[in-house]
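Colleague: got a structure for you, letters missing:
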């Protein structure tokens, strides 16, 4: 008909092409929106027993899992095929709850419980991602389709497929074994070696224990030689105190104490603190052999000890926990004790400055009210001990893991070092930390004066678990910093080598 040429309908192929273009745009937009929604809305906080954990999904070309443990660092591994990075961040640890769970269920029970909880948490997180994908796809359809519900439904379906596909691909291809070739950053870089240390430590402790009797026998022979040369007063007139510190859950250190006590027969043992590492009750099992000692054992708690660990230690081993104050020990030895402020809570952090000053003030009041000058003052923190030079004849502290015998006109300043060789951290240190302890010999004060005065200190350090190298040094106490009489049997082998990328210091 005339005049109708300009209004002819579009060719069918063009309409179909445009229709598929719109559909393709909708599908691609819904897929992209689904992915973005999964990433943006993924962060979630969950509880796994005593642990507070943050979960999140991040955009990535490669399927990765990153585990972050602030402030130690991060571990990353290529664990799955889906283009999504999963982040797991440890945010909080409820130490009291962790201690109770370990005490009631044991390590295996706690791990089994966490494993069961992880499955439920993973399923809920996966469902969260799938729903986020559907929501993102639906929003894309809403924006592009101008409220056409059918296209909104198509967008939501695409998002559901994208989210479900990514989750299924992650689940089907996930390989936990990929963490054997993980990347480490931060202080946790030492983790591969730490795992190796865990596998080798029991054998090392057993090897050390088998040679302990020989080691202490040789030490005793040298000690008897020093006794003859130095003409120390007869044993029945003296008081011997074995001084230890910083066991840090090391069973080998307990074996050393036990053998030394059996051979040298001290009248009592003084511990300057840090028997534990984390302050949990189950740690007492690691030093259970303290119960076999036939010598009174007195502990002045350090910053790694806690009410929970100390209660378990006293119950399971019979160790006597000294609170702040004066106590009369065997032989009438008067001791002033002050436990570290941090030992009143479950935290290895040292006491705050205000707490330290309060501790010093309490000790000042204690000394002023004492019926006589104490023979020994024991605190974990050497800074606190140093504030009382010249006030007490013998000051004992720990904490530094460095053995120290200072004989000065102001008195004797003693630190046995770490009797547990700094525990597990000693095995990951860049240089060897020896097992250290001191044997203090005192005699009655001259004339009618009450109390005891120190006359000699024997310092022992044991090197290398396998070689039984050691040093034995006799310090004659006279108020002058003279060189000690020394007998040394050091290992001829070099210190244990660190693996590639060795760890930090203790």
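Modeller: Received it, and whenever you're ready, just let me know what you need. Bear in mind the structure is a predicted one, so any value in this text is a computation, not a measurement.

Colleague: which sections of the stretch 351-500 of the chain are below the confidence cut-off?
Modeller: For the stretch 351-500 of the chain, the stretches with pLDDT under 70 are 424-430, 464-469, 479-500.

Colleague: Could you pull out the strands in it for me?
Modeller: Under the criterion DSSP state E, counting those that start in this stretch, the stretch 351-500 of the chain contains strands at 376-379, 394-396, 403-408, 411-416, 435-444, 452-463, 469-476, 485-489.

Colleague: Let me know which of those strands is the nearest to residue 283.
Modeller: Nearest to residue 283 among those is strand 435-444 (18.6 Å), distances taken as C-beta to C-beta. C-beta here means a position set from N, CA and C on the backbone, and glycine is covered the same way.

Colleague: which helices and strands sit right next to that closest one?
Modeller: strand 239-244, helix 251-264, strand 403-408, strand 411-416, strand 452-463 (3 or more C-beta pairs under 8 Å, 6 or more residues apart in numbering; DSSP states H and E).

Colleague: what's the following helix or strand after the helix or strand in which residue 143 is found?
Modeller: Under the criterion of DSSP states H and E, residue 143 resides in helix 95-145. The first helix or strand that comes after helix 95-145 along the chain, using DSSP H and E, is helix 149-173.

Colleague: buried ones in that following helix?
Modeller: Of all the residues in helix 149-173, those buried under the rule 16 or more other C-beta atoms under 10 Å are 151-152, 154-164, 166-167, 169-170.

Colleague: Could you name the stretch from the strands of the stretch 351-500 of the chain that's closest to residue 370?
Modeller: strand 376-379 (10.5 Å).

Colleague: contacting residues around that closest one?
Modeller: Outside strand 376-379, the residues that touch it by C-beta atoms under 8 Å, 6 or more residues apart in numbering are 241, 270, 272, 300, 322, 333-338, 340, 359, 363, 385, 388, 391-397.

Colleague: ok now that strand, how far from the chain's centre?
Modeller: Relative to the centre of its chain, strand 376-379 is centred 26 Å away, using C-alpha atoms, centre = their mean, to the nearest Å.

Colleague: list the contacts for the residue nearest to residue 105 when sequence neighbours are not counted?
Modeller: Counting by C-beta to C-beta, 6 or more residues apart in numbering, residue 105 lies nearest to residue 113, which is 6.7 Å off, once chain neighbours are set aside. Counting by C-beta under 8 Å, 6+ apart, residue 113 touches 49, 101, 105.

Colleague: Please dump those residues into CSV; it should also carry distance to residue 442 and pLDDT for every row.
Modeller: Formatted as CSV, those follow (distance: C-beta to C-beta, whole Å; pLDDT from 0 to 100):
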residue, distance to residue 442, pLDDT
49, 50, 85
101, 45, 76
105, 47, 76
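
Colleague: So residue 46: helix, strand or coil?
Modeller: What DSSP: H, G, I helix; E, B strand; the rest coil gives for residue 46 is strand.

Colleague: since we're on it, how many residues are nearby?
Modeller: 17 (other C-beta atoms under 10 Å).

Colleague: mind checking pLDDT for it?
Modeller: In this model, residue 46 is scored at 90, pLDDT.

Colleague: beta partners for it?
Modeller: For residue 46, the beta-bridge partners under DSSP bridges are residue 53.

Colleague: who touches the nearest residue to residue 133 once chain neighbours are set aside in this structure?
Modeller: Sequence neighbours aside, residue 163 is the residue nearest to residue 133 in space, at 2.3 Å (criterion: C-beta to C-beta, 6+ apart). When contacts are counted by C-beta under 8 Å, 6+ apart, residue 163 touches 34, 38, 129, 130, 131, 132, 133, 134.

Colleague: so who does residue 23 touch?
Modeller: Contacts of residue 23 by C-beta under 8 Å, 6+ apart are residue 154.

Colleague: just residue 138 next, same as before
Modeller: Residue 138 touches 30, 152, 153, 155, 156, 159, counting by C-beta under 8 Å, 6+ apart.

Colleague: Please produce CSV containing the strands of the stretch 351-500 of the chain, extended by mean neighbour count.
Modeller: Listed next are these as CSV, based on neighbours: other C-beta atoms under 10 Å:
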stretch, mean neighbour count
strand 376-379, 27
strand 394-396, 26
strand 403-408, 17
strand 411-416, 25
strand 435-444, 23
strand 452-463, 22
strand 469-476, 20
strand 485-489, 15
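
Colleague: now those in CSV, with distance to residue 281?
Modeller: Supplementary listing: the strands of the stretch 351-500 of the chain in CSV, determined by distance: least, C-beta to C-beta, whole Å:
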stretch, distance to residue 281
strand 376-379, 24
strand 394-396, 26
strand 403-408, 30
strand 411-416, 26
strand 435-444, 25
strand 452-463, 29
strand 469-476, 33
strand 485-489, 39
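
Colleague: Quick one, which of those strands gets closest to residue 291.
Modeller: Checking those against residue 291 by C-beta to C-beta gives strand 435-444 as the closest, at 18.9 Å.

Colleague: picking that back up, now the helix holding residue 143 against strand 44-48, angle please.
Modeller: 150 degrees (axes from the mean of the first three to the mean of the last three C-alpha atoms, to 10 degrees).

Colleague: how far out from the middle of the chain is helix 95-145?
Modeller: For helix 95-145, the distance to the chain centre is 26 Å (C-alpha atoms, centre = their mean).
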